[in-house]
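>>> predicted coordinates and the sequence they were generated for:
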Amino acid sequence: MLAVDNGPVLIEQYDHYTKQTYRNRCKILGANGIINLVVPVVKQHGQKTLMKDIKIGYDTDWQRIHWQSIVSSYASAPFFEFMEDSYHPVYQKKYNFLLDLNLDLLHIALDLLQMHRSIVKTEKFNRSLPGSDLAVAIHPKKQFIHESWEFHPAEYHQVFIERHGFCQDLSIMDLLFNEGPNAAAVLKASATRK
């Protein structure tokens, strides 16, 4: 995903899907620590597949498991009851493609943040400049180096902060459920901190 100032959010759909990235996963904070929510995808062995063509697997009831994890983690968050109706339908709808799921989740987050941005899918592969691609910089197996980017997470209240301390780089759901209307201000503060 690329964003330029207040212009459209560009979604790269013609890059090759890479396993074990945040394209099909996110992290939330539960009572026992970090929970990884992974959307299973149908693997096409020996073939490179474009992001737009990656299908979601339904061999497990991942939607029910994810939603139960979200509810158990955030039911006591200050704004969960105000926002759960935005997210719950996503975990009841059967998506064919990962890109469609991701687009719906992005629309929900932007709507709840009251960020009015158009979302545009690319028409061809747009190669990023070396060192400028967040899809490469933000990886579940590597620690994100905030100093390399103009984003330094501002602390906010989290449900289990007393137990685990402040945990950064979680799903946008964590920020929304905990901060509600103040979430956009937390993001803005994070983008301007040095």
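Received it, and whenever you're ready, just let me know what you need. Keep in mind the model is a prediction, meaning the values are calculated, not measured.

>>> in the chain, where's the longest helix?
Longest helix in the chain, counting residues (DSSP state H): helix 98-112.

>>> got the buried residues for it?
Neighbour-count burial for helix 98-112, counted by 16 or more other CB atoms under 10 Å, picks out 98, 99, 101, 102, 103, 105, 106, 108, 109, 110, 112. From N, CA and C alone the C-beta is placed, and that goes for glycine too.

>>> can I get those in a markdown table with pLDDT and distance to residue 21?
Shown next, in a markdown table, are the buried residues of helix 98-112 (pLDDT from 0 to 100; distance: CB to CB, whole Å):
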| residue | pLDDT | distance to residue 21 |
| --- | --- | --- |
| 98 | 97 | 11 |
| 99 | 97 | 14 |
| 101 | 98 | 15 |
| 102 | 96 | 12 |
| 103 | 97 | 17 |
| 105 | 97 | 15 |
| 106 | 96 | 16 |
| 108 | 97 | 21 |
| 109 | 97 | 18 |
| 110 | 96 | 21 |
| 112 | 97 | 24 |
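
>>> quick one: those residues as JSON lines, columns for distance to residue 51 too.
Shown next, in JSON lines, are those (distance: CB to CB, whole Å):
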{"residue": "98", "distance to residue 51": "7"}
{"residue": "99", "distance to residue 51": "6"}
{"residue": "101", "distance to residue 51": "12"}
{"residue": "102", "distance to residue 51": "9"}
{"residue": "103", "distance to residue 51": "11"}
{"residue": "105", "distance to residue 51": "15"}
{"residue": "106", "distance to residue 51": "14"}
{"residue": "108", "distance to residue 51": "20"}
{"residue": "109", "distance to residue 51": "19"}
{"residue": "110", "distance to residue 51": "19"}
{"residue": "112", "distance to residue 51": "24"}
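
>>> ok, those vs residue 81, which is closest?
Nearest to residue 81 out of the buried residues of helix 98-112 is residue 112 (CB to CB; 13.4 Å).

>>> now do the contacts for residue 151.
190, 191 (CB atoms under 8 Å, 6 or more residues apart in numbering).

>>> which SS class is it?
coil (DSSP: H, G, I helix; E, B strand; the rest coil).

>>> so what pLDDT did it get?
Looking at residue 151, its pLDDT reads 74.

>>> quick one: it and residue 118, what's the gap?
Between residue 151 and residue 118 the computed distance is 22 Å (CB to CB, to the nearest Å).

>>> and residue 126, how many neighbours?
If you count neighbours by other CB atoms under 10 Å, residue 126 ends up with 11.
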